[in-house]
Structure formats: C-alpha cells, structure tokens
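S.K.: dropping the sequence and predicted coords here.
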Amino acid sequence: MKIQLLAYAATIGLTGCATITRGTTQTVSINTPGAPGAVCTLTSASIGSQTITTPGVITLAKGASAISIRCSKECYNDGTGVLASSMDGMAAGNVVVGGVIGLGVDAATGAMNQYAPQADIIMAPDGSCAMSSTSRRNAR
C-alpha cells in the first residue's frame with residue numbers, strides 16, 4: 001500500500017514538471033525587417049553556436065543564459081541583439097505540485113526557462129551597394 005501511494009505521489013509530482021509539459025526546447029522566429037536573407041549566428045552557453053538565414057524559425061535548447069544574435073548581409077551594417085532567458089510561469093507551479101525534485105529537474109534540463117518567441121534584428125544599409133546618380137542615369 002505504501003509503495004502504491006509513493007508511486008501515485010511521484011506520478012502527480014512529475015506531471016507538474018515543466019520538463020514534461022513544456023519540454024526542453026523552444027522554437028524562435030528570427031527576422032531582419034527590410035533585410036531578408038541575412039545570415040544570423042546565435043550564441044550562448046546553452047546552445048553553443050547556431051546559424052539561421054532570415055526570416056526563419058530555429059529550435060533552441062532552453063537554458064538560463066541569454067542568447068547573443070549577430071546578423072550580417074552584404075550591403076548592410078551588422079545587426080545585433082540579445083534573446084533574454086526568463087523563468088517560465090510553469091516553474092512556479094512546480095514548486096507547489098512537484099516540489100524541490102521537480103524544480104531541480106526543470107532547472108537541470110532548462111525547461112524552467114523560456115525565450116521570447118520572436119527576435120527582430122534591425123540592419124541599416126551601409127551605402128556600399130547604392131547606385132550613384134550617374135550610374136542610374138546611364139542605366140536608363
């Protein structure tokens with residue numbers, strides 16, 4: 001009877017884990033408004049270094065550290081940004097339902113963290129590819 005009760009309690013505790021309900025990865029959309037086709041490198045301790053071409057969606061391992069984003073494209077100045085990591089609201093509920101063990105599992109797997117679902121990295125034209133007024137007249 002005690003074993004069944006313990007098994008039941010463990011099952012209830014684990015169902016509150018963000019690891020189970022939210023997972024340890026998350027998809028994030030990366031955009032460079034006005035500069036599609038930019039190549040962006042995302043870097044952090046949690047994900048290492050990953051590359052994506054914009055606009056695009058990437059699956060990232062959740063973690064406590066922020067992700068640095070650097071985008072580049074010919075004729076544009078590089079754009080940079082940060083994808084901050086915050087605690088998922090599910091983790092707070094885990095303290096009540098899953099206790100310290102569930103919270104520990106979520107912390108170890110990164111499931112207690114989340115990123116914003118989208119990052120927009122602004123890139124300004126650098127002028128190196130602009131046609132001069134003389135070139136435009138000759139092109140007509």
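M.R.: Right, received. Where do you want to start?

S.K.: measure residue 83 to residue 43 for me?
M.R.: 10 Å (C-beta to C-beta, to the nearest Å). Just so you know, the C-beta spots here come from the backbone N, C-alpha and C atoms, and that holds for glycine as well.

S.K.: between those two, who's got more neighbours?
M.R.: residue 83 (19 against 16; other C-beta atoms under 10 Å).

S.K.: which residue packs closest to residue 82, ignoring adjacent ones?
M.R.: Once flanking residues are discounted, residue 82 sits nearest to residue 66: 5.2 Å by C-beta to C-beta, 6 or more residues apart in numbering.

S.K.: got it, and residue 126?
M.R.: Here the residue nearest residue 126, using C-beta to C-beta, 6+ apart, is residue 77, at 4.9 Å.

S.K.: residues touching the one you found, list them.
M.R.: Applying C-beta atoms under 8 Å, 6 or more residues apart in numbering, we find residue 77 in contact with 123, 124, 125, 126.

S.K.: can you check residue 37 too?
M.R.: Contacts of residue 37 by C-beta under 8 Å, 6+ apart are 53, 54, 73.

S.K.: out of the residues you listed, who has the most neighbours?
M.R.: Within the contacts of residue 37, neighbour counts (other C-beta under 10 Å) peak at residue 54, which reaches 22 neighbours.

S.K.: hang on, that one packs against residue 33?
M.R.: No - applying C-beta atoms under 8 Å as the test, residue 54 and residue 33 come out as separate, 9.1 Å apart.

S.K.: now the strands: where do they sit in the chain?
M.R.: For the chain, applying DSSP state E gives strands covering 25-31, 39-44, 48-53, 56-61, 67-72, 79-83, 85-87, 113-115, 118-120.

S.K.: can you tell me which of the ones you listed is most buried?
M.R.: Stretch with highest mean neighbour count among these: strand 113-115 (a mean of 21; mean count of other C-beta atoms under 10 Å).

S.K.: quick one: mean pLDDT over that strand.
M.R.: Averaged across strand 113-115, the pLDDT comes to 89.

S.K.: what helices and strands are in contact with it?
M.R.: Packing partners of strand 113-115 (3 or more C-beta pairs under 8 Å, 6 or more residues apart in numbering; DSSP states H and E): strand 25-31, strand 85-87.
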